[in-house]
Each structure stands twice: as structure tokens, then as C-alpha cells.
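> My questions are about this predicted structure, shown below with the sequence.
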Amino acid sequence: MAKQSGRYQNRIELLQGTLDMLILQSLQWGAQHGYGIAQAIRLKSSELLQVETGSLYPALHRLERQGWVSSEWKLTESRQRAKFYQITVLGKQQLAFDRAKWESMVRAIASVMESPEPEGGAA
Amino acid sequence: MSDEGRRARWTWQRRKEDLCEELEAHLRLAIADRVARGENPEEARAAALKEMGNLPLIADVTRRQWGWEWAESLWQDLRYAMRQLRKSPGYTMTALLTLTLAIGANTAIFGLMYALLLRSLPVYRPDQLVQVELKIGPANSSRKPNDRISGGEYDVLNGSQHVFQGMCGWLPWPSDLHDRGNTIPIPTARVTGGCFEMLGVHAALGRLLTAADDRPGGGPEGYPAVLGYDYWRTRFGADPHVLGHVLNIHTGFSGIETKCVVVGVMEPGFQSVNVEERPWVYLPSDISTKNGRHGFGSFSMTLLARLRPRISPAAAQAQIDPLFGAKLKTEKFQYATSDNGSIQQTSEAHLLVVPAKTGFSDLRENYAKPLYLIEGMVGLSMLVACAFLATLASTRALARRRELALRIALGASRIRVIRQLCCESLLLATGGSLLGIFFAWISEQLLLDLIATPGSEPPALSVTPDTVVLLFTVGLSVLTVFLAGVGPAWRATRIDPTSDIKAGESYVLSRRGSNLGSLLIPIQIGFSLTILVIAALMSSTVARLLAVDPGFRTSGVTFFSADFSPRAKGYSAPLPLVLSLLDRIRQFPGVESVSVSQAHQLQSFYYVQSAKTIASTGEKREDPMIPALSVGPGYFQTLGIPLIAGRDFTSEDRNTNAQVCILSRTAANFFFPDKHALGATLLIPDGHKEVQVQVIGITGDTLYQDFRDHPRRILYQPYLSGETWNPIGQIAVRSANTAAAVEAVRTSFRELAPEVALDNPETISELVGHSMSRERLLAVLSSFFAVLTLGLTAIGLYGLLSYAVIRRRPEIGVRMALGASPAGVVRMIVRDASRLVLPGILLGALGAWASTRLLGNLLFGIKPLDPAACAASVLLLAAAVTLACVLPAKRAASVQPMEALRRE
């Protein structure tokens, strides 16, 4: 989708593939519908990560096609019909894999960013 | 659309709706959330919608994740193409008709070629099969080997060879079947014992014949017989209780009815090792010992064998040939051969082993070359059709250039636009293939009739399209899509949006556009001219063959072959019966004359005699192989052969002991060069003595079977003297029409000899046609393709020129305003056309030169590059091209300068 400048300036762009991990992670605690997932990610990231609908639904359908989540129409607490997504066993394995990858990535990036300069100059 | 397709579409639709619902639910939840946080519903809705973004776009992007996007867009493209085609019915009909004819003709010819030349036998591992042929004389002689051998050679191999896993001696055997009071001729095949086991074919019911079945005398109840699958279905209604049914079959000339007991039914699919044969009943080979099943001299058996693993045909030949040579020495057998008309005896003969994966065929030798030639022609027509369609498609695409440019400017990818354009070709090619297969299916029967022997069933080639032929058709349509679809689409989408949208329709035919046409039209003209020349040469060959005077009249006579064995004693025909039949036939209205003979002109065989004269000077003149026809009284009158001197045979000839004969003029001149032949005597050997035969008449010369031949020496002997080679007689009837002859002969036989089997009638004009059937086949097909390609080329050229005239309207207007005359404008258009036509004619001349080399000995009375035929072809082409130029030129000449300029 076209980027709308100005609106998202204080938000962080999601890395490719990270969205999938975040969705899987937020489904860890139980089935949730698309809106709920987006809200959960926003709240947990202190409003820093805003998942756009145009990325969320393609991602959900992609995850479903890969068999990492399954979906079902259910009623919400406010008695509204919505499509709920649930993480599958395969999805849990994928999440563990993604998490491990992400952690090693964070460590690697951190060690690059925090290493002292060879000449001893300040970063 | 199939059920599955409908279900798939339905599921697809439901998933789409499901996604919409999901997105709407998202919106509702967002609104509810905002309202719950205290926003006013109106504002909440607006904010939620804004946050959400473009709903249909989200749905689109999401659907792409399902992985079926290509199918959806393909479906869209197909529907779009369908709409486009429906919008221009003229184009669609032209393209469909072209494709139907081109693909249909290709499929039909390839189907015939495949069935006759290429298809493997439907048996186990056909690649292991070989055929054993016999070459009489030295191994290195240029004599063509016999593809039929005699039973004696089979017996030699059967006992001694170690290179074959099994052998199959196959003897086609026309027999007569007594069935429900009728006698009908039926095709049967006699097979040696191990035949079916070697081939690896199975029984649909009961069992097949085995080695134990193949012995003289048969079993206690009769000879075992296996029914052909189709015969079992049609005659017995696929009755499972047919086993044990008794068939009364006359085989050969034995005159004895043979009882055959059905022991099984052949599996469907297998007919024979001979691809054009379809036996109704399979019998053991030893059913008729009288006809020399075990002799050496009569060559009627096709011998197939299965090689042992890891043995090559050459190795097999190296093993069996010496075995056979040794056997010939101990048996002291002599083969008779005729070289240059003289009989020679030789004790040397060799066996050859050749691959026989595709079985055996009598038509192959005659038709292989014409079929390859025709396939070549059909291929050229296919290319012309593709070129035509490519020109048509690119003109269409160019006309839509503005639309295409607009779409590309709006963000359509080039690939997508090409795909859309190709979808039209795909639809057309698919439609054309389906119609083409239908067309092929119809024309296949006509093709078979063209090569059929008259009177008999058309060759029983199985030409129903099978997998290979259908794959060939699919290949053709893929080729069409590529040549006539992808290429033009690629060119049409090479668009610069800005200039093309601005230029619009008036610019459409750019330099690039005319290049494709100027490339394809000369090629089309070249191919058309090549085929035209072939058609002209072949038609002229047929005309010249038909103009040959064969010495007898080529119309009005109908022949019937009658097997008198049930009423014959030994090999002699029952003369009293024959005479009363002739008398009875003569009484029918419409019958002008009737006669009987042992063989007749235009038959594929004749009998030979040895005859000589010794002049008073002691000079000996001998013809050891003179064709000898036993004919009854009235034969010459019936066939319209003039009697030059003397008299015809009469029915009195059988009562006198005097030996008489009639000679053709050439024969008379040969035997009696310097005196009157009439009344002179000829010496004809009869056993160990020589008989003096008096010449009582001289007839005009006739050809025999081949119209390319020189007149033959022919010796006519009286049929009624009773000495016939076999009890099969040919009844010849001259009548007002064929129906009258058929009625007369059938009724007479039903009344007087119901047990005598009568073959289907053959008219003399059918026989004449058949004697030149190869030439006729080529002439008919090449004319068909010449008309087709010439038509396509002319239409293509017409289209291109008309388009050019429309495009150049302003330019023509300017020229005329500046003083160009209408005639000058016409000259300009003609000059443009000739720039396309002349290279085409050069190309065609080259093609004609190359392809007519291949016609070679198929031509008669005309040289491969006959000036008249070539000139006629070029003239015809020029006429078609001129016709294509006339309308565009006229239109150009009628341009009103002011009007054209105003439009600019």
C-alpha cells in the first residue's frame, strides 16, 4: 500500500517476516479475531507498532494457507460475529523457530551496535 | 462446465464472500471499540473507515495469498477474450474455419500415416518383433525380397532355430461361410500354433489357438476356431455361450465344407499382424493341407518372430540363413524366378530378418511416399494458415493499439496484455482443434475410400484418433497459439503509450506493422505456388492416365467374382452351371452382354503360360511367361475389345477336341512376324508333351493392370474347354447401369446356385480409378490444399492491402490534390502488392523445383517442371493475387482528396 507520510512518522516499520511472528505470538494466549490481534500488538508495543489492515489480512490468510493458524467464525464477548484465528501445532513450532532466529538476530545486531570502535573512538 | 468446475467456482465465490464478511466484521469491531471509548457513532465510523483504508484493495491483496490468483485472472482473460471474439463474428468465423480445415486436414493425414506406417502392433513388446523375408537368388542381388514366404520355410525354421522366442506364420485366407442358408465370403486368418502366444495377445472369452490345435484333421468335433471380437459382437451379439458353436466354412478350393468349433473370442484391440486386415475368424494354419501349407513354392505366409533378448536382427539372420541354406541343399529344392520375362531356376535363396514393430502392410509400399509427400504439403498448409492468422491477429491488435496503449499507461503490465491477446488465439485454437478432430474423423473415411480396392471393403485400418494422433493435434494447436498468437501479441504491445495514445487510429499501421505482413505474405505465396505446381502436375498426370486408350472400354461393365467350389469337381469350374447362369443373366432387362473368364483386364493378377512357335525356317520364338486369360464367348464384346480378324470363342468349343486360342495383335506379331497368324498353330506345353493350338482370332491390344504399361502380348484360351486353374470365375456384365447388372447376377445366382459365394461387384470405372489411386489421391489432396492455401493467401493479401489503403488515405488525398490520377494511385497500390508477390513467386519457384524432385516416378507423361503446368500455376496465383488487389486499389482510386484532407 502507498505509504502515507506524516501519519506514521512516530511508528516503526515492521521488518519483513516479523509481522508473522508477532501474529503467532499474540495468538499464544488464545484464539483471537483480526481486529483483536491488531489491537493486542498495538497495546503491547505501547502504541509503537500499528498493524495496517492491508498487511494484517494478507498475513493471516498466508499463515492459514501454510497451516500455522486455523480459523473459525465465532461470537465475540459483545455478541458480534467475527472470524477467530487459532494457532496450530505447526504454528507453535514455527513460532519457536522464528523466536530463536529473532533472538539471535537481536544479539548479533546488538553486539555490532555496542562494540567499541577499533580506534577507541566513541560511537 | 463440469460439475467439479462448478463446485470449484462456487467454493471460490464463497471464499470471496467470506473474506468480505471478515473485513466488515473488523470494521464493526473497530467502530464498536471506538464507541465504547466514548466517541460519537458517526465520527467513530468515519475514523474506523479511514484507519482501515481501501477495502476492495485489501481484499484483493489478501486473495492473492490464496495462491489462485493466476486462475482467477486467467478466467477473467478468457471471458474477456470470449467477449472480444463475439464482438467480431467475421474474424472469429474466418479464423475458426481456417483452423478447422488446417488442423483437421493435418490430423486426418497424420492419422492415416500413423495407422499405416508408424503405429506399433497392439501386442506385447512390439519392439522385439521381426519379420522373416525371403530373397531368391544370390544374397547380394538387387532383387527385392519376398515379404511373403511359403509354409515350407516356416517348417524349416520351426524345427531348428534358436534365436527366436517364438514364431508366427500368418496366412490371410478368404473363405466362404454358410450361415443361416446364405453363403457369404468372410475374411479369415490361418495362424500357426504358437502365433498368439508369441504375440502375447489374450482371449476375451474361452481360449486362443495353441500349438496343439495346429495339426491336420483338427479335433474330433472339427477344427478349433477363434472369433474376432467385433465379429462376435455384431454377429453373435456378444453371446457368452458362443463357445462350442459350429461354423461351416469353405476354405480354399477343396469344395468340402469344414466344420469349425468356436473355442474362444479374441481380445478387443487386436486384429491382425497386417495393419489393414480385420479377420472375422482365426483358424489353425493346417486346416487346408491341399493348398500346400507345407510346400515351398506358394508364397502366402507372413512370418513374424520374437527375438530372444540381446539378439539383434542381424545376429538372428546370421544364425537362420545358413540353417535354411543347408536345408535347401539336402531337399534339392529349386525356386523359379522370372527375370526380364524368362523363367530361371535357382537353388539359392536367403532369409532376411527385418524389424517388424509396426507389423506388416500391403499398402505401405505403394503409399508410403505419397503419404509423406502429402504430409509435407499439409504441413505447409498449416504454416500458411498460421501465417494468415498471425497477419489477421496482428492487424486486429494494431487496430486496438490506442486501447492497448491506454491500458499500459494505466498500469497494465505488458505480460498481462500479451496474455490477454493470446487468450483469443488459445480459444480459437481450442475451438479449431475440436472442430478439426471432427473434420478429420469424417474425412478419414473418404481418404480410406480413395485408397480402397473397389468391390472389397475399404482397408480395415483403424484410424480412429488415438492418443498419439490427439497429441499431434494438441501440438498443432500449441504451434498455432505460438505462431498466430504470441508473436503478434508481442509486437502489438511494443508500445510507447504517449505517442500511441496521441496518434490514435490514424497512426495504427506503423512501419513495424507492415514488416510482419511483408515477411509473411511472400512465404504464403511461395508455399501456395509450390502446392499449386504439385496439384497441376498430379492432376495432369491423372488426366493423361485417363486419356490413355487401354484397348477396352472403361465404362458400362460390372465384374463379379464367384467361387464355384461347392459345385466344382476339383479345380474345374462346373461348366453346365456356368452356362445356364450366363443364359439366365442374359435374359434380364438392361443386360447387353455377359461373359465369364478366369481373370480379366484390370485385375491385380493374371495367369501365365509358356508358348512358342517354330517357323518353317526353323527359327524358334518363345514367350515362357505370356499372360494367359481363359475367357468365355462374348468376352471381347462385353469388354469392348475389337476382334481384328477371325472369330470369337463359341459355346461349341467345349465339344470339339480341337485346341484353339486367340492372340492379341502384339502377340500375333511376336509369334508370327512374317505371316498371317490366323489359322497358324502355336505350341503350348501341357505336362510333358506339347499341344498344337490353332489361332482362330486376333484382337486389338490392351493394357492389363497398369495404365503406364505398354500393351501386353496376351494369349486368350477358351474358358469353356474346362481346363481352369481354379473354380473361381469372373462374371463380366455389360449393362445399361450397374444396378441392373447387380440385380441380374444376384437373382440368377440365388435361383440357380445359392451355395455359390458371390463377391461384391466391381465396376470397370472403379477398377480404372483404382489402378491410378495413388496418383488420384495425390491429385485430389494437392488440389484441395492448393485451393485452401491460395484462398488464405489471397484473403491475407487483401486484408493487408485494404488496411494499407485506409492508413494511407490522407497521403493518397495529398497526392491526388497535387495532381496524381486515379490510375497512378492504382499503379502505386499494385506496385506495393508486387513488392510482396514477386519475392513470393521466386520462393515458390524454388519450392516447386525442390518438391517436384520428390514426385519423380509418380508423374506420367509430364516432366517435373513442365512449363505449361508451371505457367498455369503462376497464372492461377496471379489471378488470385489480382483479385485480392482489385478492391483495395479501387478504394484507393476513389479517395476524394478534399474529404481525406479534411479528416486529417
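Arrived safely, thanks for sending.

> Just the pLDDT for B:Lys430.
Not quite, residue B:430 is Thr, not Lys. B:Thr430 is assigned 89 on the pLDDT scale.

> didn't it look like it was pressed against B:Ser477?
Yes: the pair B:Thr430 / B:Ser477 is scored as a contact, 6.6 Å apart, by CB atoms under 8 Å. Backbone N, C-alpha and C define where each C-beta goes, glycine included.

> between those two, who's got more neighbours?
More crowded of B:Thr430 and B:Ser477, by other CB atoms under 10 Å in any protein chain shown: B:Ser477, with 21 against 15.

> excluding its backbone neighbours, what's nearest that one?
B:Ala429 (3.9 Å; CB to CB, 6 or more residues apart in numbering or on different chains).

> host element of the residue most central in space within chain A?
Central residue of chain A (CA atoms, centre = their mean): A:Leu22, 2.2 Å from the mean position. When secondary structure is defined by DSSP states H and E, A:Leu22 falls within helix A:18-26.

> Repeat that for B:Ala189.
strand B:182-191.

> Give the other helices and strands that that strand contacts.
strand B:164-179, strand B:246-251, strand B:281-284, strand B:757-758 (3 or more CB pairs under 8 Å, 6 or more residues apart in numbering or on different chains; DSSP states H and E).

> what do you get if the cut-off is 10 Å, keeping everything else the same?
strand B:164-179, helix B:195-199, strand B:223-227, helix B:229-236, strand B:246-251, strand B:281-284, strand B:557-563, strand B:757-758 (3 or more CB pairs under 10 Å, 6 or more residues apart in numbering or on different chains; DSSP states H and E).

> Of all those, which one is nearest chain A?
Of all the helices and strands packed on strand B:182-191, helix B:229-236 sits nearest to chain A, with 51.5 Å by CB to the nearest CB.

> Would you agree B:Asp77 is in contact with B:Ile415?
No: with contact defined as CB atoms under 10 Å, B:Asp77 does not reach B:Ile415; the gap is 11.4 Å.

> More neighbours: those two, which one.
More crowded of B:Asp77 and B:Ile415, by other CB under 10 Å: B:Asp77, with 20 against 9.

> report the angle between the axes of the helix or strand hosting A:Ser104 and helix A:18-26?
A:Ser104 is part of helix A:89-114, with elements assigned from DSSP H and E. Relative orientation of helix A:89-114 versus helix A:18-26 (axes from the mean of the first three to the mean of the last three CA atoms, to 10 degrees): 120 degrees.

> touching chain B at all, helix A:89-114?
No: remark: helix A:89-114 sits outside contact range of chain B, by CB under 10 Å from any CB of the partner chain, the gap being at least 15.7 Å.

> so B:Asn669 touches B:Leu663, yeah?
Yes: B:Asn669 is within contact range of B:Leu663, at 9.0 Å (criterion: CB under 10 Å).

> More neighbours: these two, which one.
B:Leu663 (29 against 15).

> For the more buried one, list each beta-bridge partner.
Beta-bridge partners recorded for B:Leu663 (DSSP bridges): B:Ile698, B:Leu715.

> wait, isn't it in contact with B:Ile626?
Yes: contact criterion CB under 10 Å: B:Leu663 and B:Ile626 qualify, at 9.2 Å.

> Look up the residues that both of the two are in contact with.
With contacts defined as CB atoms under 10 Å, 6 or more residues apart in numbering or on different chains, the residues adjacent to both B:Leu663 and B:Ile626 are B:611, B:670-671, B:682, B:713-715.

> closest to chain A among the residues you listed?
Nearest to chain A among those is B:Ile714, at 86.5 Å by CB to the nearest CB.

> and chain A, which residues reach chain B?
With the criterion set to CB under 10 Å from any CB, chain A comes near chain B through A:1-2, A:4, A:7, A:33-36, A:38-39, A:50, A:52-66, A:71, A:73, A:76, A:78, A:80-83.

> Most widely separated two among the shared contacts of B:Leu663 and B:Ile626?
Using CB to CB, the pair of the shared contacts of B:Leu663 and B:Ile626 lying farthest apart is B:Leu682 and B:Ile714, separated by 12.8 Å.

> Overlap in contacts, these two.
B:626, B:663, B:667.

> Tabulate those residues (CSV), appending distance to B:Asn274.
Shown next, in CSV, are the shared contacts of B:Leu682 and B:Ile714 (distance: CB to CB, whole Å):
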residue, distance to B:Asn274
B:Ile626, 32
B:Leu663, 39
B:Ala667, 37
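
> quick one: which of the residues you listed is nearest B:Glu39?
Out of these, the member with the shortest distance to B:Glu39 (by CB to CB) is B:Ile626, at 119.5 Å.

> Pretty sure B:Ile696 sits in a strand.
Yes: per DSSP: H, G, I helix; E, B strand; the rest coil, B:Ile696 lies within a strand segment.

> That one: neighbour count?
B:Ile696 has 21 neighbouring residues, counting by other CB under 10 Å.

> and it, what is it in contact with?
Here B:Ile696 is in contact with B:645-650, B:653, B:658, B:660-663, B:678-679, B:716, B:718 (criterion: CB under 10 Å, 6+ apart).

> and stretch B:53-67, which residues are buried?
Under the neighbour-count criterion of 16 or more other CB atoms under 10 Å in any protein chain shown, stretch B:53-67 has B:55, B:58-59, B:61-63, B:65-66 buried.

> again, but for stretch B:722-733
Using 16+ other CB under 10 Å as the test for burial, stretch B:722-733 gives B:724, B:726-733.

> tell me the two of the residues you listed that are most distant?
Using CB to CB, the two most remote members of those are B:Asn726 and B:Val733, lying 21.1 Å apart.

> The strand holding B:Ala189 pairs with which strands, and in what direction?
strand B:164-179 (antiparallel), strand B:281-284 (parallel).

> what's the offset of the last one from the middle of its chain?
By that I understand strand B:281-284. Computed by CA atoms, centre = their mean, to the nearest Å, the chain-centroid distance of strand B:281-284 equals 29 Å.
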